[in-house]
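> Would you be able to build a 3D model of this:
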Amino acid sequence: MANLIVICGPQAVGKMTVAESVRDKLKYNLMINHDSIEVSDKIFGFATPAQKEFNAIFREKAFEIAIKHNVDLLFTYVCAFDVPKEREYLTKLANAFENSGGNFYFVELYADIETRLARNETQHRLDRKPSKKNVEWSKANLLKDAQRYRLNSLPDETWFANHLKIDNTKLSPNEVADIIITTFKLVANDKKESEYRFGE
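Model (predicted):
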C-alpha cells in the first residue's frame with residue numbers, strides 16, 4: 001500500500017521546498033508538478049493540446065505505478081478551489097490511494113503575495129523550473145492567476161479528512177515539514193537515498 005501527500009498552494013508559495021524537506025525526512029518519493037510540465041513543454045510546446053494531454057498522462061501513470069509498487073509519494077499541485085473539476089480530480093486521487101490500502105494527506109500552503117513574489121525569483125526555483133526563468137512572465141502569470149482563481153480554500157472550507165492548512169509566510173520549509181509530519185503522525189521509510197532522491 002502506498003501513501004500520497006499532496007502539497008497544494010498558489011505559485012511560489014513554497015510547495016517544492018516544503019515537499020523536498022518532507023521527502024528527506026520521511027524518505028518518500030517526490031513528483032513536483034513541474035516534472036511533467038517541463039517534459040511535456042519540451043516535447044510538445046507550451047500549452048498546446050498535445051502538451052496538456054501528455055502532462056495528464058504522465059501524472060496519471062506515475063500515480064498508477066506508485067500504487068502498484070507501494071511507493072509512498074509526494075506531489076505538489078496548484079489548485080483552483082473555485083473550479084469544480086479540481087475537487088473531482090483530487091478526490092479521484094484520494095480514492096485511488098485509499099482503495100489500495102494507503103492514506104491520502106492534503107496539505108495546503110498559504111503566503112502573502114509579497115512573499116510569493118520574492119520567492120518567485122529564488123535561484124533554487126529557477127534552477128528546478130526552466131519555464132520560470134523568464135521572471136517577468138512568471139511574475140505576470142502569478143499575479144494574473146491570483147486575480148482569476150481562488151488558489152486557497154476559504155477559512156471554513158475543508159475538502160478531506162486529512163486536510164491541513166499552514167500559513168508558511170514566515171516559516172522555513174523544515175518547520176513546515178515538521179508540522180506536517182507531527183500532525184499526521186507520519187513515520188519515515190527505511191530506504192536508501194538512491195531509491196527516493198537519485199541524481200540530485
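> Skipping adjacent residues, who's closest to Thr115 in space?
Thr169 (5.0 Å; Cβ to Cβ, 6 or more residues apart in numbering). Every residue, glycine included, has its C-beta placed from N, CA and C.
> same question, Lys165
What sits nearest to Lys165 in space, not counting adjacent residues and going by Cβ to Cβ, 6+ apart, is Glu108, at 4.8 Å.
> One more: Asn152?
Nearest one to Asn152, counting by Cβ to Cβ, 6+ apart, is Tyr110 at 5.1 Å.
> gap between Tyr28 and Leu143?
Tyr28 sits at a distance of 32 Å from Leu143 (criterion: Cβ to Cβ, to the nearest Å).
> contacting residues around the residue nearest to Thr115?
The contact partners of Thr169, by Cβ atoms under 8 Å, 6 or more residues apart in numbering, come to 110-112, 115.
> Pick out the residue nearest the middle of the chain.
Thr76 (0.6 Å; Cα atoms, centre = their mean).
> rewinding a little: quick one: the residue nearest to Asn152 and Gly14 touch, right?
No. Counting by Cβ atoms under 8 Å, Tyr110 stays clear of Gly14, with 9.8 Å between them.
> JSON lines please, covering the contacts of Thr169 and showing secondary structure.
Written out in JSON lines, the entries for the contacts of Thr169 read as follows (DSSP: H, G, I helix; E, B strand; the rest coil):
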{"residue": "Tyr110", "secondary structure": "strand"}
{"residue": "Ala111", "secondary structure": "coil"}
{"residue": "Asp112", "secondary structure": "coil"}
{"residue": "Thr115", "secondary structure": "helix"}
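> Which of those are buried? Put it as a ChimeraX command.
Taking 16 or more other Cβ atoms under 10 Å as the burial criterion, the selection of buried members of these in ChimeraX is written as:
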select :110,111,115
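> Kindly reformat the contacts of Thr169 as TSV and extend each row with pLDDT and distance to Asn3.
TSV is the format used below for those (pLDDT from 0 to 100; distance: Cβ to Cβ, whole Å):
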residue	pLDDT	distance to Asn3
Tyr110	97	23
Ala111	97	25
Asp112	96	31
Thr115	96	29
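> would you list the contacts of Thr169 in CSV and tack on distance to Phe198?
What follows is the contacts of Thr169, written out as CSV (distance: Cβ to Cβ, whole Å):
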residue, distance to Phe198
Tyr110, 32
Ala111, 30
Asp112, 35
Thr115, 31
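> which residues of this protein score low on pLDDT?
Counting by pLDDT under 70, the ranges of the chain that qualify are 129.
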